[in-house]
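[1] need the 3D shape of this:
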Amino acid sequence: MSLIGQDITVLGAGIAGLAIARALAMRGASVTVLEQAEAVREVGAGLQISPNGAAVLRAMGLGDDLDRIGLRAEAVELRDGLDGDLVTRLDVARLRPGLGWHFVHRADLIEVLLQGARDVGVELRLLQKITEVDLSGPAPRWTNAQGQTQMAPLLIGADGLHSRLREALNGRVAPFFTRQVAWRAVVPETPGAPAVAEVHMGPGKHLVSYPLRGGQWRNIVAVEERNRWVEESWSLRDDDMELKLAFADFGPRVQGWLNGVDKAWLWGLFRHPVAKVWGRATEQGGAVLLGDAAHPTLPFLAQGANMALEDAWVLARCLGQHDSIGAAIAAYQAARQDRCAKIVEAANRNARNYHLSGPAKVIGHTVLRLGGRLAPGAALSRYDWIYNTDVTQG
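    Residues are numbered from 1 along each chain as shown. Next comes the predicted model:
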């Protein structure tokens, strides 16, 4: 169907929402984004844009912006957290010279996507906290916290973990607490730090770190297993000393980073199922999910943002290629569901592998060391099915 002039409403102005807004507006749609906050902003945090996500940004005309805001990665190093010794190194720049991994500050990517959406005529409406989505009528209907109700011929839910549209399509499902919590922080970095992502692994915990913004800052994500429940939120402040005490037995390199932390954010890691129903056609329209609203993932493969970018491109293409909204939604879910479920499960496995202890740790690290010497590209090849996929090529 033609998207020219098609009225489309997007819930959420995060990475998924702004990406789909630009992708649809580039095809002629009239797109409105509803955002609950008073301004589009992100608290300080880093993310990794792998080649599959970068391909989408370049296809949307934002490749130069990615190169401007992103630091191109040289390698990923897995290290023993307790002594800092190198376990294995994945030289991504050397082993995959035609591809590119980028370390990006989340706020910078949001700014690029927001400007990219505005450049193609997307309208942004702030202070729009959606309290209910009703799919029982001829077209989707949303209600906000102010009591305003409005119909949307096509409603797209990019509203994250607590998506109202996901609930309308699938019902309410209680997430499973993984007994893991994560801190995140950004600290100043010494100029000239190598563009390397380091994973420091220890019994029941691990810490990931990499430079941002041209090497001026360092991103830290630290994960610990614990039984105490923590709120599932990205905006929960924690006492910095809790983070430092949790990783007090890690090596000097980690201690140097943690000494610079003066503001840490804490969130509980919950496992959500991939949605069974991603969308539904109604008599006069339809509704569809993308990003975390459809397939929340744990942060152990750095694929949350990349999957959202892939979703945006594929959904926009399906809506433009098929004769009806129902056919487009069916094609979109068929194209995305299995791949996203596989990525989510791979991230779950990584969490276990990073937290080995005792004999399992000794064996696991020995295998990684030997593999790195005998077949240095083998570990990276395990994920070629993720990184080598370019959804913009059909």
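
[2] in the stretch 251-394 of the chain, which spans are helices?
    Using DSSP state H, counting those that start in this stretch, the helices of the stretch 251-394 of the chain run over residues 252-259, 304-321, 325-354, 358-374, 378-381, 384-387.

[3] rank the ones you listed by pLDDT, which is bottom?
    Note on these: lowest mean pLDDT is at helix 358-374, with a mean of 75.

[4] contact partners of that helix?
    Leu78, Asp80, Val87, Thr88, Arg89, Met201, Pro203, Asn353, Leu356, Ala378, Ala379 (Cβ atoms under 8 Å, 6 or more residues apart in numbering). (C-beta placed from N, C-alpha, C; glycine too.)

[5] please name the nearest non-neighbouring residue to the fifth one.
    Residue nearest to Arg89 in three dimensions, not counting chain neighbours: Glu77, with 4.9 Å by Cβ to Cβ, 6 or more residues apart in numbering.

[6] neighbouring strands - and their directions - for whatever helix or strand the one you found lives in?
    Using DSSP states H and E, the secondary-structure element containing Glu77 is strand 75-80. If you go by DSSP bridges, strand 75-80 pairs up with strand 86-90 (antiparallel), strand 196-202 (parallel).

[7] hey, which of those strands is tucked in deepest?
    strand 196-202 (a mean of 22; mean count of other Cβ atoms under 10 Å).

[8] and the angle for that strand with helix 252-259?
    Relative orientation of strand 196-202 and helix 252-259, computed by axes from the mean of the first three to the mean of the last three Cα atoms, to 10 degrees: 100 degrees.

[9] report the mean confidence score over strand 196-202.
    Averaged across strand 196-202, pLDDT comes to 95.

[10] ok, and what's touching it?
    Contacts to strand 196-202, defined as Cβ under 8 Å, 6+ apart, come from residues 48, 73-82, 84, 87, 103, 206-210, 247, 249-251, 253-254, 354-357, 361, 365.

[11] Ala73 contacts Gly46, correct?
    No. Using Cβ atoms under 8 Å, Ala73 and Gly46 do not qualify as a contacting pair, with a distance of 11.6 Å.

[12] so where's the chain shaky on pLDDT?
    Filtered on pLDDT under 70, the chain yields the residue ranges 41-44, 229-238, 371-372, 374.

[13] distance between stretch 348-367 and the chain's centre?
    Its chain's average C-alpha position is 24 Å from that of stretch 348-367, according to Cα atoms, centre = their mean, to the nearest Å.

[14] could you pull out the buried residues of it?
    For stretch 348-367, a neighbour-count test (16 or more other Cβ atoms under 10 Å) marks Asn350, Ala351, Tyr354, His355, Leu356, Lys361, Gly364, His365 as buried.

[15] next: stretch 151-166.
    If you call a residue buried by 16+ other Cβ under 10 Å, then stretch 151-166 has these buried ones: 151-160, 163-166.

[16] show me these that map onto strands.
    Met151, Leu154, Leu155, Ile156, Gly157 (DSSP state E).

[17] can you count the residues close to Phe176?
    Using other Cβ atoms under 10 Å, Phe176 has 11 neighbouring residues.

[18] still on that earlier bit, farthest pair in the contacts of helix 358-374?
    Pro203 and Ala378 (25.6 Å; Cβ to Cβ).

[19] so between these two, which is more surrounded?
    Comparing Pro203 with Ala378 by other Cβ under 10 Å, the one with more neighbours is Pro203, at 15 against 12.

[20] ok, Met60 to His162 distance?
    To His162, Met60 is 27 Å away according to Cβ to Cβ, to the nearest Å.

[21] before we move on, what about Thr32?
    Thr32 sits 21 Å away from His162, going by Cβ to Cβ.
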